[in-house]
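# pasting a predicted model and its sequence here:
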Amino acid sequence: MKIIHSIEELQTIRKNLKGSLGFVPTMGALHDGHLSLIKQSIKDNEITIVSIFVNPTQFLPGEDLDKYPKKIQADSKICELANVDYLFTPEINTMYSKDEILIKAPVLKGFTLEGQNRPGHFDGVLQIVLKLLNLVNPTNVYFGKKDAQQLALIKQMAKNLFLSPNIVDCEIIREKDGLAMSSRNIYLSQEERKQALNISKSLKDAAKLIGSKEYNCARIIKTMRTTMKGMDIEYISIVNRDFQQIQTIELGNTIILLAVKVGTPRLIDNIWI
Ligand code: AMP
């Protein structure tokens, strides 16, 4: 595996690559969720590039940019063992200059849920993803359904801006007990970790209700709130795949999403129905 830091090096390598190219953009502190995207890319493509870049423009003032976990050595090892071909780890100055052209998330899909609670977050996500896609120009790019709204917005950007890479959705990877894997889970104390299990449990409860033909969204949300009683819930939302709120479950076209603060960490999770 070759580690690349500069744009020039990446561009030279890209120019000489032949065959299908898979790309997995990440912010590092890699876990089995990231690894599943990497494995899928390696399976689908002749060459795989992984990037690790903690993107400052997607963090709001007061969020955990400075404290975001950095584990570059362990991450390199994980990528190497997985047979990644190139690991791109640029510095901030490499990716950004002053007074840049900015990308704005669309109003409807971009300023609800995560976009409402973290205004500007998706502008930063789209900006860095566009930069990386232009640089790497992959055949296939891999994103997790864990960040469902991010995935939907990236797909919309690809459509609106006529980007060529094929976007591949990857399933959410969970710990054995159901907690969705996240780089932020390491910040949970033992007690918080236990409490956080109610997040995935509430989604399981919702799926069970839907399985027994309860399609009323308000009643489903009420049950989920009961499962997470006492927790600091930012939102629970039931939307269609266009991220419009719905009152009645549409089988095959629904996502149930939530954001919950457990101590300091803010955790998100979802289930696709
Ligand atoms: P991040 O490093 O958090 O920016 O995540 C990089 C990519 O990994 C994104 O496409 C995420 O959606 C994906 N990802 C993060 N956690 C998981 C997970 N538990 N299961 C599947 N994909 C994930």
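Now that the structure is in, tell me what you want to look at.
# give me the contact list for stretch 208-215.
With CB atoms under 8 Å, 6 or more residues apart in numbering as the test, stretch 208-215 has contacts from 219-220, 223, 248-249, 251, 273. Backbone N, C-alpha and C define where each C-beta goes, glycine included.
# ok, stretch 236-244 next?
With CB under 8 Å, 6+ apart, stretch 236-244 has contacts from 108-109, 112-113, 149, 152, 202, 217, 220-221, 224-225, 245-246, 249-250, 253-258.
# going through those residues, which ones are buried?
Neighbour-count burial (16 or more other CB atoms under 10 Å) applied to these gives 109, 112-113, 149, 152, 202, 217, 220-221, 224, 246, 249, 254-258.
# quick check, nearest of the contacts of stretch 208-215 to the ligand?
Ile273 (17.6 Å; CB to the nearest ligand atom).
# could you check how many residues crowd around that closest one?
As a burial measure, Ile273 scores 19 neighbours (other CB atoms under 10 Å).
# who's in contact with it?
207, 210, 249, 251-252, 254-256.
# strands - which of these land there?
Taking DSSP state E as the definition of strands, the contacts of Ile273 contribute 254-256.
# redo these as a markdown table? Include pLDDT and distance to Asp44.
Converted to a markdown table, those look like this (pLDDT from 0 to 100; distance: CB to CB, whole Å):
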| residue | pLDDT | distance to Asp44 |
| --- | --- | --- |
| Thr254 | 98 | 28 |
| Ile255 | 98 | 24 |
| Ile256 | 98 | 29 |
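# tell me the one among the residues you listed nearest to Gly120.
Relative to Gly120, the closest of the ones in strands among the contacts of Ile273 is Ile255; by CB to CB it sits at 22.5 Å.
# that closest one touches Ala148, doesn't it?
Yes - using CB atoms under 8 Å, Ile255 is in contact with Ala148, at 5.4 Å.
# how about the residues of the stretch 51-200 of the chain near the ligand?
143-144, 146-147, 170, 172-173, 180-183 (CB under 6 Å from any ligand atom).
# of those residues, which belong to strands?
Using DSSP E, those in strands are 143-144, 170.
# report the buried residues of stretch 130-149.
130-133, 135-149.
# give me every residue that touches the residue of the stretch 101-250 of the chain found nearest the ligand.
Proximity of the stretch 101-250 of the chain to the ligand (CB to the nearest ligand atom) peaks at Gly144, 2.3 Å away. Applying CB under 8 Å, 6+ apart to Gly144 gives the contacts 33, 36-37, 151, 169-173.
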